[in-house]
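Visitor: Predicted model and sequence follow; I will ask about them next.
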Amino acid sequence: MARLPTWCCTNIYKIDLNFLKENNIKYILTDLDNTLAPYNVPLPDEKTIEFFKELKKEGFEVIIVSNNTGKRVTAYSNMLEINCVSGAKKPFATTLRKYLLKNNINLDECVLIGDQMMTDILCANRLKIKCVLTEPLSKEESFVTFFNRKLDNYFRKKYNLNSVEKIDRGVGK
Ligand SMILES: [Mg+2]
C-alpha cells in the first residue's frame, strides 16, 4: 500500500491548516495545475492570493512543485512571491529531493499536495514524505492530462481511498 496518500482533501483551499500544524508540517509543497488552479488560468486569482496570505500568516512556507514548464510555473509563483520547482518530473523524486537537500528542508516537516495519484502521490511516497490527494479543480484537461486522468481514476479505484483520513476544515472536529 505504498502508493496511498497520507490524507485526502476536497481541494487545497479547504485543507485544515491546524491539522497540518498539529502534524508538525512547516513546508507545503504544492502541485500547480488542477491543484491550485485549472490549466487555463495563467496567474493567481484573488482567492489564491488571499489563501497564500493566510498560509504565510499561519507560518507555512509554500513551494510550488510542478511538472509544467518554467515559464508558466515561474510567472505564477512570482506573483505569489514564493519559490518553485518547475519541470519537477514527478513521479520521479530526484529533482525535488535535490531541491529539498540543497535548501536544508527537513523531509519530516513537508507535505506534498496534489491531484494525481501517479505523479504527486507516488513522488511523495518515493521521498517518504507526507502527502494529501485532492480532487482535480477542473474537469477540462489538456490532451496529455486527459489520458493521465483516465489512469488516475483507475488508480483511485484500485487503491481504496475510503480508509484514508479526510482533512477538510470542519471535518472530524
Ligand atoms: Mg496536477
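Guide: Okay, I see it.
Visitor: Helices of this structure, residue ranges please.
Guide: With DSSP state H as the criterion, the chain has helices at 17-22, 46-57, 70-80, 94-102, 122-127, 143-158.
Visitor: just for the chain, where's the confidence low?
Guide: Residues of the chain that meet the criterion pLDDT under 70 lie in 1-2, 140-144, 171-173.
Visitor: Around the ion, which positions in it sit nearby?
Guide: The chain comes close to the ion at residues 31, 33-34, 115, as judged by C-beta under 5 Å from the ion. Quick note: C-beta positions are derived from backbone N, CA and C, even for glycine.
Visitor: let's see it at 6 Å
Guide: 31, 33-35, 114-116 (C-beta under 6 Å from the ion).
Visitor: Which one (most neighbours) among the residues you listed?
Guide: Tallying neighbours with other C-beta atoms under 10 Å puts Gly114 at the head of these, with 30 neighbours.
Visitor: Geometric centre of this protein: which residue is closest?
Guide: Geometric centre of the chain, nearest residue: Ile113, 2.3 Å, by C-alpha atoms, centre = their mean.
Visitor: For that residue, list each beta-bridge partner.
Guide: Thr30, Val132 (DSSP bridges).
Visitor: who's in contact with it?
Guide: Counting by C-beta atoms under 8 Å, 6 or more residues apart in numbering, Ile113 makes contact with 9, 12, 15, 28-31, 35, 120, 131-132, 134.
Visitor: Tell me the one of the residues of the chain next to the ion nearest Leu107?
Guide: Closest approach to Leu107 among the residues of the chain next to the ion (C-beta to C-beta): Gly114, at 16.5 Å.
Visitor: quick one: the residue nearest to the centre of the chain and Leu20, what's the gap?
Guide: 10 Å (C-beta to C-beta, to the nearest Å).
Visitor: again with Asn11
Guide: 15 Å.
Visitor: The two: which is more packed in?
Guide: Shown here are Asn11 and Leu20; by other C-beta under 10 Å, Leu20 has more neighbours (21 against 16).
Visitor: so what's the closest residue to Thr35 other than its chain neighbours up against?
Guide: Nearest residue to Thr35, sequence neighbours excluded (C-beta to C-beta, 6 or more residues apart in numbering): Asp115, at 4.8 Å. Asp115 makes contacts with 31, 34-35, 133-137, 152, as judged by C-beta under 8 Å, 6+ apart.
Visitor: In contact with Ala37, which residues?
Guide: So Ala37 contacts 44-45, 48, 76, 137 (C-beta under 8 Å, 6+ apart).
Visitor: That concludes my questions; thank you for your assistance.
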